[in-house]
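K.L.:
sequence and computational prediction follow.
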Amino acid sequence: MSLKNVKSSLDKISKSFSVTQDAREFLIKNTREVVILSSQAIIAVHKQDLKSAKEKAKKANTLLNSQKKKAVGELQRYVIIPEQELVEAFALIAIAEKKPVPSIDTLKVNPESYILGLLDCVGELKRLTYDKIRKGDPQEAIRVFEVMEDLYQNLYPLATYDKIVRETRRKLDVNRILVEDVRAALTEEIRRSDLINAIKKLEK
């Protein structure tokens, strides 16, 4: 019995696997920079350096788009995390600038990446709200919180697809707690501010 056909088939498969493996290693190595740049963009937002934030996010997006060409078939999963980080950064920047959060079509990312990025953005909005409270800007704190709460409520129905999009339900549970924590902190701050204003009026 000849194994000529088997050998030629295995050679063909081996070459295909080799190309896939090279692409996988390329994506793992090179998408790290996208994650780093996205994280730097988020940090810049919290430092109120929106110019730097937008530059970092744009650079990350350009870099990722050049890498996606190798993310074919099952290799798509290796761009989920960098896309997720990018969505989070672009969403946070838009909210900080009082602009609409970019759509999935605008960002050109996978549905899973889009959902997970927005879920992670809720946590950053908590931090942004607290920053506004500390800086004595209650109106802006309220605005950011309202976006945070609205984003959570829009994402909540997707808990149904927890088996399709990993960690959706867990992240939503965490986000629910974050929203409640911020609401409590904001309510306390408003009461404190009202009390101070009332005392000032009495002193006049």
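P.N.:
Yep, it's here.

K.L.:
longest helix of the protein?
P.N.:
Ranked by residue count and defined by DSSP state H, the top helix of the chain is helix 4-46.

K.L.:
verify the stated contact: residue 91 with residue 101.
P.N.:
Yes: counting by C-beta atoms under 8 Å, residue 91 touches residue 101, with 4.7 Å between them. Yep, even glycine has a C-beta here, placed from its N, CA and C like the rest.

K.L.:
circling back: chain center to the longest helix of the chain: distance?
P.N.:
Here the centre of helix 4-46 is set off from its chain's centre by 22 Å, with C-alpha atoms, centre = their mean, to the nearest Å.

K.L.:
against which helices or strands is it packed?
P.N.:
The contact analysis (3 or more C-beta pairs under 8 Å, 6 or more residues apart in numbering; DSSP states H and E) places helix 4-46 against helix 50-67, helix 80-96, helix 111-134.

K.L.:
for the shortest one, buried residues please.
P.N.:
Buried positions in helix 80-96, judged by neighbour count with 16 or more other C-beta atoms under 10 Å: 80-93, 95-96.

K.L.:
CA atoms of it as CSV?
P.N.:
Only the C-alpha atoms of helix 80-96 are listed here, as CSV (Å, rounded to 0.1, in the frame of the first residue of the first chain):
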residue,chain,number,x,y,z
ILE,A,80,-10.1,40.6,20.2
ILE,A,81,-8.2,42.0,23.1
PRO,A,82,-6.4,44.8,21.3
GLU,A,83,-9.6,45.7,19.6
GLN,A,84,-11.4,45.7,22.9
GLU,A,85,-8.8,48.0,24.4
LEU,A,86,-9.1,50.3,21.4
VAL,A,87,-12.9,50.5,21.7
GLU,A,88,-12.5,51.4,25.4
ALA,A,89,-10.1,54.2,24.6
PHE,A,90,-12.1,55.7,21.7
ALA,A,91,-15.4,55.5,23.8
LEU,A,92,-13.8,57.2,26.8
ILE,A,93,-12.3,60.0,24.6
ALA,A,94,-15.6,60.6,22.9
ILE,A,95,-17.4,60.8,26.3
ALA,A,96,-14.8,63.2,27.7
